[in-house]
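*Asks:* Coordinates only, no sequence provided:
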């Protein structure tokens, strides 16, 4: 009995540990939408599995001015509390296992079984679009360098737009096995 | 004359629907408790000039928020947790006083409350 309980606890611990972190994002800037590619990656070096918010076209994924929302897991991104940040599909790229490469619905069992336990939020590569003029400015590559580099992307945790001076900040808060990733675009 | 009246009626209708919309926005913000608003303010304050990452912090290879910046989030996080009826001693027992554990706990509470507010607004529509 004791053994079963401790085995269950261990399993629970392992499941908890292997879960990706909650991603909380907030575009506080009143003037700019952020448009680009939002992606996650396998966190183990040597496992270059990438996943992009589909469709995998630069500029398609937008964090509008003023948005505050979250993604808890990869397989729940199709239902957000704002209702406008849903990621309905993930484009998975896995060149070591090409048969896995393709577009999946967010709640596809493949995402739950293979992406949830092995991947982590990696970065957001974007430009700023002025909500009134429609002009775009600056090019940001912000994210978790350790994770993004596994799939060959260069990102930094903190970047200042050279033209706009807008600041983007990607940081984690970690306690034991619990972690939250925050991404903020400041006013 | 009839046409003008009709036009005026539509104009008023249009205007009032705009007013409703701004009411909706106010509602989401006003439905937040004081502790939630303070939590918002604390996170926003990380963007203030004196609270941005220093050159030293920017050199760090990790994404983990520096202790200096975490400290800015602590008071509002504690207050948000305590506002749910958790006692000071429960808070200490649960987190061992670890700053990160307290901020993560507060964040989960905040996100849940935020979800509830979004749900209420949706059901109003």
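*Replies:* Done, it's in. Everything numeric here is computed off the predicted structure, so don't read it as measured data. Numbering: from 1, shown residues only, chains lettered A, B, ... in the order given.

*Asks:* what about stretch A:79-98, how long is it end to end?
*Replies:* Taking Cα to Cα, to the nearest Å as the measure, stretch A:79-98 stretches 28 Å from start to finish.

*Asks:* how about that stretch: buried residues?
*Replies:* Applying a neighbour-count criterion of 16 or more other Cβ atoms under 10 Å in any protein chain shown, one finds A:80-81, A:85, A:87, A:89-94 buried in stretch A:79-98. Heads up, the C-betas are built off the backbone N, CA and C, glycines and all.

*Asks:* The helix or strand that contains residue A:24 - contacts with which helices or strands?
*Replies:* Take DSSP states H and E as the rule and residue A:24 turns out to sit in strand A:22-27. Under the contact definition 3 or more Cβ pairs under 8 Å, 6 or more residues apart in numbering or on different chains; DSSP states H and E, strand A:22-27 sits against strand A:68-71, strand A:178-185, helix B:99-124.

*Asks:* residue in chain B nearest to chain A?
*Replies:* residue B:47 (3.4 Å; Cβ to the nearest Cβ).

*Asks:* quick one: that residue and residue A:167 touch, right?
*Replies:* Yes - the criterion here is Cβ atoms under 8 Å, and residue B:47 meets it with residue A:167 at 6.3 Å.

*Asks:* where do the contact lists of the two overlap?
*Replies:* Here residue B:47 and residue A:167 have residue A:186 as joint contacts, going by Cβ atoms under 8 Å, 6 or more residues apart in numbering or on different chains.

*Asks:* Next one: the residue of chain B closest to chain A, what pLDDT does it get?
*Replies:* We note a pLDDT of 96 for residue B:47 in this prediction.

*Asks:* so what's it closest to, chain neighbours aside?
*Replies:* Of all residues not flanking residue B:47 in the chain, residue A:186 sits nearest, at 3.4 Å (Cβ to Cβ, 6 or more residues apart in numbering or on different chains).

*Asks:* Quick check: pLDDT value at the one you found.
*Replies:* Predicted confidence (pLDDT) for residue A:186: 97.

*Asks:* for the residue most central in space within chain B, helix, strand, or coil?
*Replies:* Centroid-nearest residue in chain B, with Cα atoms, centre = their mean: residue B:40, separated by 4.0 Å. At residue B:40 the chain is in helix, as set by DSSP: H, G, I helix; E, B strand; the rest coil.

*Asks:* which ones are touching residue A:185?
*Replies:* Residue A:185 neighbours (Cβ under 8 Å, 6+ apart): A:26-29, A:32, A:34, A:63, A:166-169.

*Asks:* For it, name its beta-bridge partners.
*Replies:* Per DSSP bridges, the residues bridged to residue A:185 are residue A:27, residue A:168.

*Asks:* any low-confidence regions in chain B?
*Replies:* B:1-26, B:125 (pLDDT under 70).

*Asks:* Around chain A, which positions in chain B sit nearby?
*Replies:* When proximity is defined as Cβ under 8 Å from any Cβ of the partner chain, chain B approaches chain A at B:43-44, B:46-47, B:52-53, B:58, B:61-65, B:69-70, B:95, B:98, B:100-101, B:103-104, B:107-108, B:111, B:114-115, B:118-119, B:122.

*Asks:* And the helices in chain B?
*Replies:* Counting by DSSP state H, chain B has helices at residues B:2-30, B:34-45, B:55-59, B:67-82, B:88-95, B:99-124.

*Asks:* can I get those helices in TSV with distance to residue A:44?
*Replies:* Below are the helices of chain B laid out as TSV (distance: least, Cβ to Cβ, whole Å):
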stretch	distance to residue A:44
helix B:2-30	40
helix B:34-45	30
helix B:55-59	25
helix B:67-82	27
helix B:88-95	29
helix B:99-124	23
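
*Asks:* Ok, which of the ones you listed comes nearest residue A:154?
*Replies:* helix B:55-59 (15.2 Å; Cβ to Cβ).

*Asks:* so how far is the closest one from its chain's centroid?
*Replies:* Centre-to-centre, helix B:55-59 and its host chain are 28 Å apart (Cα atoms, centre = their mean, to the nearest Å).
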